[in-house]
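Just the structure for this:
(one chain, ligands or ions: 1)
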Amino acid sequence: MIKLHNVGKSFSRFQAIKSVSLTIDKGEIYGIIGASGAGKSTLLRLMNLLELPDEGEVEVNGQKLTNLSSKELRQARKSIGMIFQHFNLVANKTVYENVAVPLKLANFPRNERKSRVVECLRFVGLENLIDKYPAQLSGGQKQRVAIARALANSPQVLLCDEPTSSLDPNTTAEILEVLENINKSLGVTVVIVSHEMEVIKSICNRVTVMAAGEIYETVSIEPKRTQVINNSPSYFVEQLIKDGEINNA
Ligand SMILES: Nc1ncnc2c1ncn2[C@@H]1O[C@H](COP(=O)(O)OP(=O)(O)OP(=O)(O)O)[C@@H](O)[C@H]1O
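Have a look, this model is predicted:
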């Protein structure tokens, strides 16, 4: 589903990602964890070419994104949704208009847009807030709108960059449930970047631990709700071993 092959990315002379290779299978909920500055967000943004790699190949849904023209890339990106820590909603557009944006950009048939927007908002439980503006919503509601927007074009992959890092624990649990539901009922492959171990352990079936732009380790885990707080890469792995959750990936 997603394949990175020897992908590298530098900012000026700083090597943020150092020749990383990984494969994420269809239907997975895949976590990327590590300390601040480890390269997690950059790695995620390389998966839809929001960051262009200096070297290596990126393949999603059997298409080598790194070989596509910009027009072909725009088309391919329709099947890759993305959500962010700070939601990135358009402040002067209503909930409805925010979710409709990607449909307009994709030339989705005009007469089917409304029902598609409502369907997406219903999926995240927000169809009653359709005429509100982002400023009138809670953080959790804003993230639900962002998720509905990411789902509008029926993506096969959903990339989530710190999706719960601005939310309280209860709202975090609700958003994780929505993401799990998207994976289970829509069959969407979900990739989650987080620095919070408990988020990753809650729903991911596999996790890559990043450190200094490289993969420190990739392990399989049994998703379950727990609470662990620490930031060193080795600690992430030690916790998984201690809990008997590692099967070498
Ligand atoms: N556009 C950019 N220009 C310059 N340096 C960048 C850019 N984006 C990322 N970096 C640097 O690359 C490194 C990795 O950044 P990245 O955001 O991927 O890390 P991260 O693991 O997601 O960290 P955090 O958890 O703090 O978001 C950091 O040192 C960061 O400063």
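
per-residue confidence averaged over stretch 59-75?
Averaging pLDDT along stretch 59-75 gives 93.

Please spell out which residues along stretch 76-85 are buried.
76-85 (16 or more other Cβ atoms under 10 Å). Using the backbone N, CA and C atoms, a C-beta is placed for each residue, glycine as well.

does any part of that stretch sit near the ligand?
No - with Cβ under 6 Å from any ligand atom as the measure, stretch 76-85 is seen stopping short of the ligand, the closest distance being 8.3 Å.

same question, stretch 158-176
No - against the ligand, stretch 158-176 shows no contacts by Cβ under 6 Å from any ligand atom, the least distance being 6.7 Å.

pLDDT score assigned to Ala35?
According to the prediction, Ala35 has pLDDT 89.

Tell me, how many residues neighbour it?
Each residue near Ala35 was counted by other Cβ atoms under 10 Å, and the total is 17.

Check the one 3 residues further on too.
Close neighbours of Ala38, defined as other Cβ under 10 Å, add up to 24.

Ok, the one 4 residues further on next?
The burial metric for Thr42, expressed as a neighbour count using other Cβ under 10 Å, is 21.

Ok, Ile192 next?
28.

same question, Gly56
Here the number of neighbours of Gly56 (other Cβ under 10 Å) works out to 17.

Phe14 now?
The burial metric for Phe14, expressed as a neighbour count using other Cβ under 10 Å, is 8.

For it, what are phi and psi?
The phi and psi torsions at Phe14 (degrees, to the nearest 10) take the values phi -90, psi 120.

so where do the helices sit in the chain?
Using DSSP state H, the helices of the chain run over residues 40-46, 70-77, 95-105, 110-123, 139-151, 169-186, 197-203, 233-242.

Same list, the ones you listed, but as TSV with distance to Glu59 please.
TSV is the format used below for these (distance: least, Cβ to Cβ, whole Å):
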stretch	distance to Glu59
helix 40-46	12
helix 70-77	10
helix 95-105	23
helix 110-123	27
helix 139-151	21
helix 169-186	20
helix 197-203	24
helix 233-242	26
